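1. my questions are about this predicted structure, shown below with the sequence.
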Amino acid sequence: MRSIYHRLRLALPLALLLAAATPAAAQTSPPPIPAHPAAEAQALELAKQAIALRSVQGPGNKTGEVAQLLRDALVRGGYAPASITITPVDDTAYMLATWQGSDPALKPLVISGHMDVVEAKPADWQRDPFTPVVENGYLFGRGATDMKLDDTLVLASLLELRRAGYQPRRTVIFALSGDEETSMKTSRLIADRLAASEYVLNIDGGVGTLDEKTGAPLYFTWQGAEKSYADFALTVTNPGGHSSMPRPDNAIVQLAQALGKIGAYHFAPQTNELSHAWFTAAAKLESDPTLAAAIRAYLANPADPAALATLRADPTYVGKLGTTCVPTMISGGHAQNALPQQASANINCRIFPGVPHEVVMAELQKVVADPAIHFADVTESGTGLAPASPMRADFVGAVERAIHAVYPGVPVFPSIASGASDNMWFRAKGIDSYTASPVFIKNSEDFSHGLNERTPIANIRPAIDYYLLLLRDLTK
């Protein structure tokens, strides 16, 4: 679900950002990191094999075959067959691979990802989406960005650690769901099974940003929270009648009036330590002086009307200010020459972390202020309350050390995602969960969920270097 991260990221306190970007940090030359050619080659080859398997919900779903491909690679790399389970669920499956730590008193680290992908129609693509191609420095294919390459980068890194003789103190569970892009049934099952874990490292997100012109790394964000997703159905029913005898209570007119009120409404700005920190960093990184001034004004006074108007007019910032709700579908009427007996619409909301759905729906009902409009929560995915994870020092420090070893001087700060990932099921159980994939990409080249998906293969070596450092840090 990587496309939800496109320019929708939030940050660490300014002091940490400035510390990361000081001349001293930028000029320090860390010792060279040795190459790991076997791991690099394995990550790319497995990613290509996984992309070739059409792991899409519905007839012919090959998610189970992706799981078997990765299981076989783990076994060849030293995992005991009994330490890996593949559990079929409906037309998909999920996989758990356990590397037992030496200290049973430490709760496990979960490395979370998913094996399924969004549907892709070959006729729409320049290349067949399920025929992987490496061309002009990019890996093309459905899953190249979201997120089969991420899966194999972690797998290759885990096996490289084993080859080096590393023994983690903390147990590591590599958990891959099979329907993250759709129903998230396996995501919930995994969270239920691993509810006793210490915390989660989710790798579903290319959270490094490259400069559009030079291709140089600009900054790296890790995700510490995400908005929840909700769909609310609005319905108006009337007796109807002949169109030659209009009634004052026309269902379509009533619905249109309600939608107009919702479209014009703005929820009050909301903030937490992550969102405040992101705006603090954005004020330094934003190149547009008007937007930068609005951010500074917002930080000084979150209720500043001029600042809010400017930020809400920009798609990069509007979703970061709090909950948003927009009409996305409408239907109504049954004949061209009849008064409508029913009209309905869908309101899609992206809700600020920790805010219950029913609170948002109640606020919309007050905005509409029409008892003839019936509201119902019709959210299919069952997303619930998932509060933000804390900025725990052990995780933040490990991520910063790993990124700065690989990309010296690059600013590092946290983010809030605008949509749902597997993390929400763990957070709902009180398990701290974070997304921190080391894949760097230009905003303009993020084609996850879209046509001609691709990722620069130059990511492979530094990503493995990052994981080798990070996983040692988190499990020592």
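-> Now that the structure is in, tell me what you want to look at. Numbers count the residues shown, from 1 in each chain.

2. helices along this structure, start to end?
-> Assigned by DSSP state H, the helices in the chain fall at 14-20, 23-27, 37-51, 63-76, 148-163, 185-193, 251-264, 273-285, 289-300, 305-312, 357-368, 393-406, 423-427, 460-475.

3. comparing these, which yields the minimum mean pLDDT?
-> Lowest mean pLDDT within those: helix 14-20, a mean of 35.

4. specify the residue ranges that define each domain of this structure.
-> What automatic domain parsing lists as the domains of the chain is 2-227+388-475, 229-377.

5. most tightly packed of those?
-> domain 2-227+388-475 (a mean of 20; mean count of other CB atoms under 10 Å). C-beta: built from backbone N, CA, C; applies to glycine.

6. my read: K261 touches V367, true?
-> Yes: between K261 and V367 there is a contact at 5.4 Å, judged by CB atoms under 8 Å.

7. phi and psi next, for the residue nearest to Y219 when sequence neighbours are not counted.
-> In space, and not counting its chain neighbours, Y219 is closest to P411: 4.4 Å by CB to CB, 6 or more residues apart in numbering. With angles defined as degrees, to the nearest 10, P411 sits at phi -60, psi 140.

8. ok, back up a step: to S437, which of the helices of the chain lies closest?
-> Proximity to S437 (CB to CB) singles out helix 148-163 among those, at 5.3 Å.

9. counting contacts, what elements does the closest one pack onto?
-> If you count contacts as 3 or more CB pairs under 8 Å, 6 or more residues apart in numbering; DSSP states H and E, helix 148-163 packs onto helix 37-51, helix 63-76, strand 109-114, strand 172-177, strand 199-210, strand 432-441, helix 460-475.

10. contacting residues for F352?
-> K227, Q270, G322, T323 (CB atoms under 8 Å, 6 or more residues apart in numbering).

11. can you pick out the most distant pair from the residues you listed?
-> The span of these, defined through CB to CB, is set by K227 and Q270 at 10.4 Å.

12. so what's in contact with these two at the same time?
-> Contact with both K227 and Q270 is made by residues T323, F352, according to CB under 8 Å, 6+ apart.

13. need the contact list for A144.
-> Counting by CB under 8 Å, 6+ apart, A144 touches A47, I51, P132, Y138, E453, R454, T455.

14. rerun that using 6 Å as the cut-off
-> A144 makes contact with E453, R454, T455 under the criterion CB atoms under 6 Å, 6 or more residues apart in numbering.

15. narrow the residues you listed to those in strands?
-> Taking DSSP state E, the ones among the contacts of A144 that sit in strands are R454, T455.

16. which of the contacts of A144 sits closest to A283?
-> T455 (30.1 Å).

17. the helices of the chain: which one's closest to A123?
-> When the helices of the chain are compared by CB to CB, helix 37-51 sits nearest A123, at 18.1 Å.

18. export the helices and strands packed on helix 148-163 to CSV and tack on distance to L155?
-> Listed next are those as CSV, based on distance: least, CB to CB, whole Å:
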stretch, distance to L155
helix 37-51, 7
helix 63-76, 6
strand 109-114, 9
strand 172-177, 7
strand 199-210, 10
strand 432-441, 14
helix 460-475, 10
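
19. much appreciated, bye for now.
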